[in-house]
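Asks: got a predicted structure here, sequence first:
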Amino acid sequence: MSIPTADPAAGQAVKAADRAHVFHSWSAQALIDPLAVAGAEGSYFWDYEGNRYLDFSSQLVNTNIGHQHPKVVAAIQEQAGKLCTMAPGFAVEARSEAARLIAERTPGDLDKIFFTNGGAEAVENAVRMARLHTGRQKVLSTYRSYHGATANAIALTGDPRRWPSETGTSGVVHFWGPHLYRSAFHAETEEQERERALAHLEQVIAFEGPQTVAAIILETVVGTAGILVPPAGYLAGVREICDRYGIVFILDEVMAGFGRTGEWFAADHWGVTPDLLTFAKGVNSGYVPLGGVAINAEIAATFAERPFPGGLTYSGHPLACASAVATINAMAEEGIVANAKLIGETVLGPGLRELAERHPSVGEVRGLGVFWALDLVRDRATREPLVPYNAAGAANAPMAELAAACKKRGVWPFTNMNRFHVVPPCTVTAEEARAGLAALDEALTVVDAHVAG
Ligand code: PLP
């Protein structure tokens, strides 16, 4: 891959306009220094100074198919030449085909697809469907989760960093999901963690009143809040509880879906079928904003004679749907989901475990596919996180140093609280993954210096 000749003056102009007029999300405007990006291809992107970065973040964990996949770019161009926009009420080839391809891959009878413009909007609509379907109001979600930044989605999110700006919405109840390394239940084995987490959920439902609970929403594998892989049997246990109480089971696969875990959907690892499944990101790698809800037959039937009150002007946008069709077809033709699985099993998993042996700052390695996290600690014995939750400024220095050390070595990192997430595209090659791990190996020596003793 040859990157264009450096053009620092062009980069400075882009940056100056950005600083003058762009108000960035999730940021203190005066404290950020956004990189001016000139282009991208495959697992890499580059700036105007001639620096190339291996994208170990997949941006916001969405470019599952890598940057600028030629088949997807061509499909967007072709669709733009044919039909750029058409309101959601019309049947459009790209939309019908995208829905068919998604429904073919979602588990069980999740055969109707409601399109949105992204993940949070998918969560909003899944919750609305569950409430209308059951006639109940409450929705249960876990601490250590991220469901998006719109009103209900942010209230459902179980992450203290996200709440200060919102007072929440009514009807949201948080509970503890399983996470053995930082167990809320003092469990010592996966089995204990599973059993105690399920018993806890039952207790929360009993106290809230099962007749008031519309839905339970879970990330199948928790993403932003730590790459938490559920113990075997946990999701089946939640499914059983939902069935017993007539509660709608929503799996949020906005981050975990479309290949990230080495299966089309993370639910496939455990053979569990939810009633509603939310998706976005990997469905078209974010080339054009798209998300949606896959709906089972029973909930779809609720809205057979009665209108579903939801949808936006751009729902199921033809350019977005055409890019989803091309993405899904390319993923199938090129074995991209299988690649994610193989890289996880043969390079990232073993490589990260090896790093953990050498670096005292690594408390735990967890993940699957191209979806991994290092839980960084000050002290392995106490598991004290390397930086406190909600750390900012000086308190967050070790994580900022780690991120800077990676960038210096040409690897773009994804960090969150005390965690380093390793989330390259599903198309990443073994050679690229090894190069990223080698850079991370060097960078981790910076944080080892903060380890107690
Ligand atoms: N749900 C999950 C599991 C996510 O990871 C995210 C975003 O990271 C969202 C929902 C929100 O998606 P979006 O940012 O597209 O609204």
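Replies: The structure has been received and is ready for your questions.
Asks: quick check: which element contains L218?
Replies: strand 213-219 (DSSP states H and E).
Asks: show me what that strand is in contact with.
Replies: With contacts defined as Cβ atoms under 8 Å, 6 or more residues apart in numbering, strand 213-219 is touched by 123, 126-127, 130-131, 133-134, 136-142, 145-147, 156, 171, 173, 177, 201, 205, 225, 235, 238, 241-242, 245, 247-256, 276. For glycine as for every other residue, the C-beta is placed from the backbone atoms N, C-alpha and C.
Asks: kindly recompute the last result at 6 Å.
Replies: 130-131, 134, 136, 138-141, 145, 205, 247-250, 252 (Cβ atoms under 6 Å, 6 or more residues apart in numbering).
Asks: looking at the residues you listed, which are in helices?
Replies: 130-131, 134, 205 (DSSP state H).
Asks: which of the residues you listed are buried?
Replies: 130-131, 134, 205 (16 or more other Cβ atoms under 10 Å).
Asks: helices of the stretch 301-450 of the chain, residue ranges please.
Replies: 318-333, 336-343, 349-358, 397-408, 430-448 (DSSP state H, counting those that start in this stretch).
Asks: from the contact counts, what lies against the longest one?
Replies: Put plainly, it is helix 430-448. Counting contacts by 3 or more Cβ pairs under 6 Å, 6 or more residues apart in numbering; DSSP states H and E, helix 430-448 packs against helix 397-408.
Asks: if you set the cut-off to 8 Å instead, what comes out?
Replies: With contacts taken as 3 or more Cβ pairs under 8 Å, 6 or more residues apart in numbering; DSSP states H and E, helix 430-448 sits against strand 52-55, helix 349-358, helix 397-408, strand 411-412, strand 419-422.
Asks: burial count for K408?
Replies: 13 (other Cβ atoms under 10 Å).
Asks: residue contacts, it?
Replies: By Cβ under 8 Å, 6+ apart, the neighbours of K408 are A443.
Asks: which residue, other than its chain neighbours, is closest to the spatially most central residue of the chain?
Replies: Central residue of the chain (Cα atoms, centre = their mean): M255, 2.3 Å from the mean position. Nearest residue to M255, sequence neighbours excluded (Cβ to Cβ, 6 or more residues apart in numbering): G223, at 3.6 Å.
Asks: looking at the ones in helices among the contacts of strand 213-219, which is nearest the ligand?
Replies: A130 (15.5 Å; Cβ to the nearest ligand atom).
Asks: ok, that closest one to R100 distance?
Replies: 24 Å (Cβ to Cβ, to the nearest Å).
Asks: could I get the ones in helices among the contacts of strand 213-219 as TSV with pLDDT and distance to I295?
Replies: Formatted as TSV, these follow (pLDDT from 0 to 100; distance: Cβ to Cβ, whole Å):
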residue	pLDDT	distance to I295
A130	98	10
R131	98	14
T134	98	14
I205	98	23
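Asks: dump these into a markdown table; add distance to G118 as well.
Replies: As requested, those are arranged in a markdown table below (distance: Cβ to Cβ, whole Å):
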| residue | distance to G118 |
| --- | --- |
| A130 | 19 |
| R131 | 21 |
| T134 | 25 |
| I205 | 30 |
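Asks: got the domain boundaries for the chain?
Replies: 8-68+335-448, 70-333 (automatic domain parsing).
Asks: select, out of those domains, the one closest to the ligand.
Replies: Once the domains of the chain are compared by Cβ to the nearest ligand atom, domain 70-333 is nearest, at 2.2 Å.
Asks: and the closest one, how far apart are its ends?
Replies: 14 Å (Cα to Cα, to the nearest Å).
Asks: for stretch 303-321, same thing?
Replies: Stretch 303-321: ends 23 Å apart by Cα to Cα.
Asks: A helix includes T278, no?
Replies: No. The assignment for T278 (DSSP: H, G, I helix; E, B strand; the rest coil) gives strand, which keeps it out of a helix.
Asks: who's in contact with it?
Replies: 119, 122-123, 126, 250-254, 291-294.
Asks: any quick PyMOL command for the buried ones out of those?
Replies: Per 16+ other Cβ under 10 Å, the buried members of the contacts of T278 correspond to this PyMOL selection:
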select buried, resi 119+122+123+126+250+251+252+253+254+291+292+293+294
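Asks: out of the contacts of T278, who's near the ligand?
Replies: 119, 123, 252, 254, 291 (Cβ under 6 Å from any ligand atom).
Asks: can you put these in TSV and add secondary structure and pLDDT?
Replies: Output for these, formatted as TSV (DSSP: H, G, I helix; E, B strand; the rest coil; pLDDT from 0 to 100):
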residue	secondary structure	pLDDT
G119	helix	98
V123	helix	98
D252	strand	98
V254	coil	98
G291	strand	98
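Asks: of these, closest to A267?
Replies: The nearest member of the ones next to the ligand among the contacts of T278 to A267, counting by Cβ to Cβ, is D252 at 10.7 Å.
Asks: wait, doesn't that closest one sit right on V123?
Replies: Yes. Judged on Cβ atoms under 8 Å, D252 makes contact with V123 at a distance of 6.3 Å.
Asks: identify the contacts common to those two.
Replies: With Cβ under 8 Å, 6+ apart as the test, D252 and V123 both reach 147, 217, 278.
Asks: adding pLDDT and distance to the ligand, write those out as JSON lines.
Replies: Shown next, in JSON lines, are those (pLDDT from 0 to 100; distance: Cβ to the nearest ligand atom, whole Å):
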{"residue": "H147", "pLDDT": "97", "distance to the ligand": "5"}
{"residue": "I217", "pLDDT": "98", "distance to the ligand": "9"}
{"residue": "T278", "pLDDT": "99", "distance to the ligand": "7"}
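Asks: helices and strands of the protein: which one has the lowest mean pLDDT?
Replies: Least confident helix or strand of the chain, by mean pLDDT, DSSP states H and E, is helix 151-156 with a mean of 91.
Asks: direction included, what does the helix or strand following that helix pair against?
Replies: Per DSSP H and E, the first helix or strand lying C-terminal to helix 151-156 is strand 172-175. If you go by DSSP bridges, strand 172-175 pairs up with strand 138-142 (parallel).
Asks: average pLDDT for the partner strand?
Replies: Strand 138-142 carries an average pLDDT of 98.
Asks: kindly tell me how buried the residue lying closest to V428 once chain neighbours are set aside is, as a neighbour count.
Replies: Distance criterion Cβ to Cβ, 6+ apart; nearest residue to V428, sequence neighbours excluded, is S43 at 5.2 Å. For S43, the neighbour count with other Cβ under 10 Å is 25.
Asks: S43 against A430, yeah?
Replies: No. Look at S43 against A430 with Cβ under 8 Å: they stay out of range, at 11.6 Å.
Asks: just to revisit the earlier point, quick check: the farthest pair among the buried ones among the ones in helices among the contacts of strand 213-219?
Replies: Taking Cβ to Cβ, no two of those sit farther apart than R131 and I205, at 16.4 Å.
Asks: and the pLDDT at P388?
Replies: 89.
Asks: good, we can wrap up now.
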